[in-house]
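Student: kindly return the folded structure for what I paste below:
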Amino acid sequence: MMRQLPAKDRPGKDAWLGPVSLCLALLSWPIPAGGPVLAVGAVACGVWSMSTKTEYRLDWTAVAGTCVAVLQLLLSLMLLAMSAGGH
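Tutor: Residues are numbered from 1 along each chain as shown. Predicted coordinates for the structure are as follows:
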């Protein structure tokens, strides 16, 4: 099934999931202590936005927020692995 309706026309609070995802993802980078927590929240909001209301097109802010947050999580995991390895 093709997604026909524009993402900007989503009703109610679902319209905010994409922008919230992007904001949380961007905030996760300059905040070192809470970065991974914010990134997990961004991924959750982005995935929720992309998986619900499937008659609407994908929200570019949800896609961008999810991608940026996943990069933050990968960096955090890499730094954790390096510190655990003694580097």
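Student: how many neighbouring residues does Leu80 have?
Tutor: Leu80 has 11 neighbouring residues, counting by other C-beta atoms under 10 Å. C-beta: built from backbone N, CA, C; applies to glycine.
Student: list the buried residues of the host helix or strand of Leu79.
Tutor: Here Leu79 sits within helix 60-84, counting by DSSP states H and E. Neighbour counts over helix 60-84 (16 or more other C-beta atoms under 10 Å) mark Thr61, Ala62, Val63, Ala64, Gly65, Thr66, Cys67, Val68, Ala69, Gln72, Leu73, Ser76 as buried.
Student: chain center to that helix: distance?
Tutor: Relative to the mean C-alpha coordinate of its chain, helix 60-84 is positioned 10 Å out (C-alpha atoms, centre = their mean, to the nearest Å).
Student: which strands or helices does it pack on?
Tutor: When contacts are defined as 3 or more C-beta pairs under 8 Å, 6 or more residues apart in numbering; DSSP states H and E, helix 60-84 packs onto helix 17-27, helix 35-51.
Student: from the ones you listed, which stretch is densest packed?
Tutor: With neighbours defined as mean count of other C-beta atoms under 10 Å, these peak in mean count at helix 17-27, which reaches a mean of 22.
Student: give the other helices and strands that it contacts.
Tutor: Judged by 3+ C-beta pairs under 8 Å, 6+ apart, the packing partners of helix 17-27 are helix 35-51, helix 60-84.
Student: just want the angle from the longest one to helix 35-51.
Tutor: Counting by axes from the mean of the first three to the mean of the last three C-alpha atoms, to 10 degrees, helix 60-84 points 150 degrees away from the direction of helix 35-51.
Student: circling back to that earlier point, how far off helix 17-27 does the helix holding Leu79 point, in degrees?
Tutor: Using the same axes, to 10 degrees: helix 60-84 against helix 17-27 is 30 degrees.
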